[in-house]
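1. Pasting the sequence and the predicted model now:
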Amino acid sequence: MNVKAVSDYAPEDAALLCSVGRLVCAWTMLEQSLEAKIGMLREAMGDVRTVGARTRPTMTKLMTELRTMVSMRDRRNASALTEISGIERDMQRIDRFRALIIQGFQHPEPGGFTCRDGRNNIQHVALEQLETEIEALETVANRLLAV
């Protein structure tokens, strides 16, 4: 078996490694945006507790809390809840892609890299696809703050 150390990657693979790192950072920034939004809603409702004071809540729990708070705030306006549902769908899709990259990364290929999915199927991921998902994460974070 030929295992390659990260330091052995060629300079042309730097863009790939940078993009994977940007994907991870963009997801973390999305989590922080969600926590900030919940914190703002709590403060507006008079609650001063910190989000995740004991343990870091999962994205699912944070989204559930956001949906609950928005439904209490906008009892007659369902458009915000519709937007939250759309955001959740986008987040789940991006999270599946993120898991594929993080858990299934195999090796660089021309124009991208290969991954193995949960069923052990090989998939080629183009750098353009990775960039598109990073942009989608940033868009989702902005949509969250606008809700």
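-> In hand now; what should we look at? Residues are numbered from 1 along each chain as shown.

2. From now on I want contacts and neighbour counts done on CA atoms only, so please keep to that.
-> Noted.

3. could you say what helices and strands the host helix or strand of Ser19 packs with?
-> Following DSSP states H and E, one finds Ser19 within helix 14-44. Contact here means 3 or more CA pairs under 8 Å, 6 or more residues apart in numbering; DSSP states H and E; on that basis helix 14-44 packs against helix 59-73, helix 79-104, helix 127-146.

4. Let's see that with 7 Å instead.
-> helix 127-146 (3 or more CA pairs under 7 Å, 6 or more residues apart in numbering; DSSP states H and E).

5. Mind telling me which residue is nearest the centre of the chain?
-> Trp27 (3.5 Å; CA atoms, centre = their mean).

6. burial count for the residue nearest to that one when sequence neighbours are not counted?
-> Among residues not flanking Trp27 along the chain, Leu137 sits closest, at 6.6 Å (CA to CA, 6 or more residues apart in numbering). Leu137: 23 surrounding residues under other CA atoms under 10 Å.

7. ok, now which ones touch Leu137?
-> 26-27, 30 (CA atoms under 7 Å, 6 or more residues apart in numbering).

8. 10 Å - rerun?
-> By CA atoms under 10 Å, 6 or more residues apart in numbering, the contact list for Leu137 reads 23, 25-30, 90-91, 94-95, 131, 143.

9. and it, how far is that from Ser33?
-> The gap separating Leu137 from Ser33 is 11 Å, by CA to CA, to the nearest Å.

10. Mutual contacts of those two, please.
-> Shared contacts of Leu137 and Ser33, defined by CA under 10 Å, 6+ apart, comprise 27, 143.

11. Distance check, the residue nearest to the centre of the chain against Met72.
-> On the measure of CA to CA, Trp27 and Met72 end up 27 Å apart.

12. cool, Leu100 as well?
-> 36 Å.

13. try Ala15
-> Distance from Ala15 to Met72, by CA to CA: 45 Å.

14. before we move on, the earlier item: list the buried residues for the helix holding Ser19?
-> Under the neighbour-count criterion of 16 or more other CA atoms under 10 Å, helix 14-44 has 16, 19-20, 23, 26-27, 30-31, 33-39, 41-42 buried.

15. Look up phi and psi at the closest residue to Leu100 other than its chain neighbours.
-> Nearest residue to Leu100 in three dimensions, chain neighbours excluded: Asp117, at 5.8 Å (CA to CA, 6+ apart). Reported as degrees, to the nearest 10, the phi and psi values for Asp117 are phi -80, psi -180.
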